[in-house]
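Novice: would you be able to build a 3D model of this:
(one chain, ligands or ions: 2)
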Amino acid sequence: MERGYWGRMLALGIESSCDETAAALVRADRTILADCILSQFEDHRPYGGVVPEIAARAHLDHVDHLIAAALKQADVTLDQVDLIAATGGPGLIGGVIVGVTTGKALALAVNKPFLAINHLEGHALSARLDPGLAFPYLLLLVSGGHCQLLAVEGVGRYRRLGATIDDAAGEAFDKVAKLMGLGYPGGPAVEKAARQGDPARFDLPRPMRGRPGCDFSFSGLKNAVRLAWTGLVSPTDQDRADLAAAFQSAVADSMADRVKNGLIAFQNRYPGAVKLVLAGGVAANQAIRARLSILAAKRGAELVAPPMKLCTDNGAMIAWAGLERWRVNPTPDPLSFAPRPRWPLDPEAAKLPGAGVKA
Ligand code: KG4
Ligand code: ZN
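Specialist: Ligands and ions are numbered 1, 2, ... in the order given. Predicted coordinates:
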């Protein structure tokens, strides 16, 4: 437990880059004093995916009471907060503008430093809320908007080893679920259906398997599912379950193959014990976790799966990333900071094609 002023430093984190509005209060000694989150699932469900304009309006409607609720839960006033951190991108720009503007306004009102946090940095560092995790580690970030493998070397030091060249993994789950009428969000629905299914009934491709490097691809697999689905005459629940199971198993195989290359590259660069850290909503998938845990064991790596509420979008990870950044560089961002729809963590990494590539 850190002592003194640093350990007591308190950050407010605001997250609004996708379909969750979140506000949290985190202390530098790693205590999460409050973690309030409002998911917009019901707002987007009728459309089978996130509608950016609806998301932005919902963030605007809820961000202020979520912050008030977080302060109340933590039993502190805004004056007692030392740092105000808001997601500055990448993400759906309307939502990011809401969070950034709110963060700046509060910082200005109480004369506290404002930090614009890269959402990916939030995911990358959130596992360090658990005190045992030291740098460097290999991070697999698999969510609805992101799919990448990062070597996390330190605060502000990220090397992207691979990323999706088309859809994000969660996006593929969501699209497949929509196609089969399984509802939104698709990942949990596909996983549930897959439990009753036979993964061997449909022969689906394992995208990128056997190729060098660690990039991912899911759009070909998604199209193969579409072809299989449209080829079924009056599909039954069993057809749906079998196809869901086949899809999930293809994603797990493809992901494990890519992560294997990532582990090898990481082990070559940073010899010693390797930790493979999971983040993002797709990391909730038990079949994928099981596959990755077998892979990690085979390669002598330790799989670190933080609690789900830290893996998915949340405010605590933004507050924590703010504290981590402040510890190495106590310089606020200017109030002229412009929200960023795209914001790669590793600016050196090559640009990738594809509509699902957000960073
Ligand atoms: O990290 P997250 O909450 O938000 C962002 O996208 O940033 O991740 C949500 C994504 C969605 O695409 C959702 O379908 C997927 O994670 N997901 C899952 C599971 N739970 C959530 N995908 C596969 N299996 C799951 N159990
Ligand atoms: Zn996220």
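
Novice: how close does the residue lying closest to Leu303 once chain neighbours are set aside sit to ligand 1?
Specialist: Spatial nearest neighbour of Leu303, excluding adjacent residues (CB to CB, 6 or more residues apart in numbering): Ala296 at 4.2 Å. Where C-beta positions appear, they are placed from N, C-alpha and C, glycine not excepted. According to CB to the nearest ligand atom, to the nearest Å, Ala296 and ligand 1 sit 19 Å apart.

Novice: which ones are touching Ala296?
Specialist: Listed by CB atoms under 8 Å, 6 or more residues apart in numbering, the contact set of Ala296 reads 263, 276, 302-303.

Novice: isn't there a strand covering it?
Specialist: No: under DSSP: H, G, I helix; E, B strand; the rest coil, Ala296 falls outside any strand and is assigned helix.

Novice: any idea how far it lies from Arg57?
Specialist: 42 Å (CB to CB, to the nearest Å).

Novice: again with Ala250
Specialist: 37 Å.

Novice: more neighbours: which of those two?
Specialist: Neighbour count, other CB atoms under 10 Å: between Ala250 and Arg57, Ala250 has more, with 23 against 16.

Novice: now do stretch 132-139, average pLDDT.
Specialist: For stretch 132-139, mean pLDDT is 95.

Novice: sorry, wrong one. I was asking about stretch 343-356.
Specialist: On average, stretch 343-356 scores 72.

Novice: over to stretch 304-313?
Specialist: 89.

Novice: the strands in the stretch 251-359 of the chain, which residues?
Specialist: Using DSSP state E, counting those that start in this stretch, the strands assigned to the stretch 251-359 of the chain run over residues 274-279, 301-304.

Novice: nearest to ligand 2, out of these?
Specialist: strand 274-279 (7.9 Å; CB to the ion).

Novice: relative to Ala172, how far out is the closest residue to Lys178 other than its chain neighbours?
Specialist: Distances taken as CB to CB, 6+ apart put Gly48 closest to Lys178, at 4.2 Å, once the chain neighbours are dropped. The gap separating Gly48 from Ala172 is 14 Å, by CB to CB.

Novice: residue contacts, whatever residue of the stretch 151-300 of the chain ends up closest to ligand 2?
Specialist: In the stretch 151-300 of the chain, the residue that lies nearest ligand 2 is Gly280 (6.1 Å; CB to the ion). Going by CB under 8 Å, 6+ apart, Gly280 touches 123, 140-143, 146-147, 169-170, 311-312.

Novice: Trp100: neighbour count?
Specialist: No Trp there; residue 100 is Val. Val100, neighbours per other CB under 10 Å, totals 27.

Novice: for the residue of the stretch 101-250 of the chain found nearest ligand 2, what are its contacts?
Specialist: Relative to ligand 2, the nearest point of the stretch 101-250 of the chain is Ser143 (4.6 Å; CB to the ion). Contacts for Ser143 (CB under 8 Å, 6+ apart) come out as 123, 168-170, 279-282, 312-313.

Novice: from those residues, which two are the most distant?
Specialist: Ala169 and Asp313 (15.0 Å; CB to CB).

Novice: for ligand 1, what are the nearby residues on the stretch 201-350 of the chain?
Specialist: Within reach of ligand 1 by CB under 6 Å from any ligand atom, the stretch 201-350 of the chain has these residues: 280-282, 284-285, 312-313.

Novice: which residues touch the closest residue to ligand 1 within the stretch 201-350 of the chain?
Specialist: Nearest residue of the stretch 201-350 of the chain to ligand 1, counting by CB to the nearest ligand atom: Gly281, 2.3 Å away. Gly281 makes contacts with 142-144, 170, 185, 187, 311-313, as judged by CB under 8 Å, 6+ apart.

Novice: go with 10 Å
Specialist: Contact analysis of Gly281 by CB atoms under 10 Å, 6 or more residues apart in numbering lists 18, 142-146, 168-170, 173-174, 185, 187-188, 308, 311-313.

Novice: correct me if wrong: Gln148 contacts Leu138.
Specialist: No: taking contacts as CB atoms under 10 Å, Gln148 lies outside contact range of Leu138: 11.1 Å.

Novice: which neighbours do these two have in common?
Specialist: In contact with both Gln148 and Leu138: 161, 214, 262, using CB under 10 Å, 6+ apart.

Novice: let's see which of those end up in helices.
Specialist: Gly262 (DSSP state H).

Novice: now restrict the shared contacts of Gln148 and Leu138 to buried residues only.
Specialist: Among the shared contacts of Gln148 and Leu138, the ones that count as buried by 16 or more other CB atoms under 10 Å are 161, 214, 262.

Novice: turn the residues you listed into JSON lines, columns for pLDDT and distance to ligand 2.
Specialist: Below are these laid out as JSON lines (pLDDT from 0 to 100; distance: CB to the ion, whole Å):
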{"residue": "Leu161", "pLDDT": "96", "distance to ligand 2": "19"}
{"residue": "Cys214", "pLDDT": "97", "distance to ligand 2": "19"}
{"residue": "Gly262", "pLDDT": "98", "distance to ligand 2": "19"}
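
Novice: that'll do, ta.
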